[in-house]
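Trainee: sequence and predicted structure are below.
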Amino acid sequence: MQDLEMIAALSDAFGPSGFEDDAVAVARSYVPEGFEAKEDCLRNLYISRDGGEGKPVVMIDAHSDELGFMVQAIRPDGTLAFLPLGAWVASTMPAHRVNVRTRDGRLIPGIIGSKPPHFLSEAEKNKAPDVGSLWIDIGASGPEEAKHSFGVGIGAPAAPDVRFEYDKEHDLMLGKAFDNRLGCAAVLSTLSRLKDEKLKVEPVGTLTVQEEVGERGASLAVHQVKPSIAIIFEGAPADDRGTESWLVQTAVHHGPMLRHIDSSMITSPRFQRWALDLAEELGIPVQESVRSGGSTNGAPVHLAEQGVPCIVIGVPVRYAHSHHGIASYRDFEDGVRLAVEIIRRLDEETLAKF
């Protein structure tokens with residue numbers, strides 16, 4: 001359970017797409033000894049060490065952004081019209097707390113508001129909400145108060161206001177941004193466990209930005225790192241609620257999920273099979289999935305340079321892409337264990353098979 005403190009700090013950090021600064025600052029504080037951290041102008045974080053020149057590079061990636069919102073306009077009543085940053089479902093938004101970043105950098109609380117049931121017409125009662133029918137209420141009574149007293153303007157970012165909790169008895173983590181701060185923690189933990197080992201490959205960690213709006217950070221980072229192979233950590237949507245039992249492939253408490261396909265990548269079959277066989281050999285529980293939708297940073301990474309063999313190690317997260325998530329620490333730990341054992345065994349001969 002040594003990584004729980006790090007997971008909590010990363011989960012609680014403010015960092016919607018394009019505004020990942022706080023999350024990156026937290027991640028910097030957990031960079032293992034012996035590694036150096038650098039940023040580019042997008043706020044991608046590169047974590048590497050000296051002495052690996054000439055070795056094949058293993059890119060270990062996770063995205064640091066979370067789903068959030070951006071203020072589009074201030075309404076005459078002082079509430080904030082907003083646009084989503086990432087793929088939200090509008091019906092999950094109302095009545096939840098958010099933090100809004102002010103012009104001077106403070107975080108102030110707000111509530112996502114909707115029309116009360118008392119005032120809904122019959123037609124409105126039978127209609128699912130859309131983003132245009134919602135607002136963020138920070139308590140201001142008009143535009144001038146919102147701007148000058150509260151310090152909120154057009155373009156202000158907002159994100160869910162949720163605190164991390166851990167139920168040790170049932171091994172359940174509850175919090176926000178598990179997609180993909182669990183992945184960020186996994187990258188840092190993997191590097192920490194390998195820091196004193198002599199390897200035949202060189203691990204480079206990347207915490208990349210703006211995945212939720214189109215894998216933008218990874219599209220840049222992969223060309224800086226130039227990997228020979230890549231492991232993508234994700235907070236993967238769990239399907240053990242609302243799915244037929246025979247089709248469940250990403251259940252909490254059943255190990256990390258390795259997906260064979262999603263909407264943007266067919267996973268390298270040879271690397272995938274090798275990783276799955278290794279997990280079976282070592283007794284690391286894993287799940288396999290075939291996904292018709294979804295996307296990860298594997299999309300731009302696997303198409304970079306001359307092509308990069310990728311696998312995705314996903315920690316199952318219930319209610320991903322909403323304010324709250326539920327995940328298992330053991331699933332996280334098993335995902336890190338698998339990544340560490342993969343990297344220990346990689347060499348040029350093995351890479352040539354992929």
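Mentor: That came through, no problem. Residues are numbered from 1 along each chain as shown.
Trainee: ok, now how distant is I313 from S121?
Mentor: 48 Å (C-beta to C-beta, to the nearest Å). In short, each C-beta sits where N, CA and C put it, glycine included.
Trainee: who's more crowded, these two?
Mentor: I313 (28 against 9; other C-beta atoms under 10 Å).
Trainee: hmm, the more buried one is touching L258, no?
Mentor: Yes: I313 is in contact with L258 according to C-beta atoms under 8 Å; the separation is 6.3 Å.
Trainee: so the residue nearest to the spatial centre of the chain versus R344, what's the distance?
Mentor: The chain has N180 as the residue nearest its centroid, 1.5 Å off, counting by C-alpha atoms, centre = their mean. Distance, N180 to R344, by C-beta to C-beta: 24 Å.
Trainee: if we ignore the residues flanking it in sequence, what's nearest L174?
Mentor: E165 (4.6 Å; C-beta to C-beta, 6 or more residues apart in numbering).
Trainee: correct me, but that neighbour touches G325?
Mentor: No: in this structure, E165 is not within contact of G325 by C-beta under 8 Å, at 11.1 Å.
Trainee: between those two, what contacts are shared?
Mentor: M173, L174, G175 (C-beta atoms under 8 Å, 6 or more residues apart in numbering).
Trainee: residue contacts, the first one?
Mentor: Going back to what we said before, that points to M173. 4, 7, 11, 164-167, 325-329, 332.
Trainee: give the PyMOL command for selecting the buried subset of those residues.
Mentor: Selecting only the buried entries of the contacts of M173 in PyMOL, with 16 or more other C-beta atoms under 10 Å as the criterion:
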select buried, resi 7+11+164+166+325+326+327+328+329+332
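Trainee: any chance of the contacts of M173 in a markdown table, with pLDDT and distance to C184 too?
Mentor: Shown next, in a markdown table, are these (pLDDT from 0 to 100; distance: C-beta to C-beta, whole Å):
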| residue | pLDDT | distance to C184 |
| --- | --- | --- |
| L4 | 97 | 14 |
| I7 | 98 | 9 |
| S11 | 98 | 9 |
| F164 | 98 | 13 |
| E165 | 98 | 19 |
| Y166 | 98 | 17 |
| D167 | 98 | 22 |
| G325 | 98 | 14 |
| I326 | 98 | 18 |
| A327 | 98 | 13 |
| S328 | 98 | 17 |
| Y329 | 98 | 15 |
| F332 | 98 | 11 |
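Trainee: which members of the contacts of M173 occur in helices, if any?
Mentor: Mapping the contacts of M173 onto helices (DSSP state H) picks out L4, I7, S11, Y329, F332.
Trainee: nearest to G298, of those?
Mentor: F332 (19.0 Å; C-beta to C-beta).
Trainee: that closest one reaches L4, doesn't it?
Mentor: No: using C-beta under 8 Å, F332 is not in contact with L4, being 9.3 Å away.
Trainee: okay, now S292: neighbour count?
Mentor: 7.
Trainee: let's verify it: helix, strand, or coil?
Mentor: Using DSSP: H, G, I helix; E, B strand; the rest coil, the structure places S292 in coil.
Trainee: so what's it closest to, chain neighbours aside?
Mentor: Per C-beta to C-beta, 6+ apart, closest to S292 is S263, 7.1 Å.
Trainee: so the one you found makes contact with V290?
Mentor: No: using C-beta under 8 Å, S263 is not in contact with V290, being 11.7 Å away.
Trainee: how about the residue nearest to R291 when sequence neighbours are not counted, phi and psi?
Mentor: Closest residue in space to R291, ignoring its immediate chain neighbours: D262 at 4.3 Å, by C-beta to C-beta, 6+ apart. Note on D262: backbone dihedrals following degrees, to the nearest 10 are phi -140, psi -160.
Trainee: now the one 4 residues further on
Mentor: Main-chain dihedrals, I266, degrees, to the nearest 10: phi -90, psi 110.
Trainee: number of nearby residues for it?
Mentor: Neighbour tally, I266, other C-beta under 10 Å: 12.
Trainee: and if you look at G151?
Mentor: Neighbour tally, G151, other C-beta under 10 Å: 17.
Trainee: residues contacting it?
Mentor: Going by C-beta under 8 Å, 6+ apart, G151 touches T102, R103, D104, R106, I108.
Trainee: which of those tops the neighbour count?
Mentor: In these, the most neighbours by other C-beta under 10 Å go to I108, 17 neighbours.
Trainee: many thanks, have a good one.
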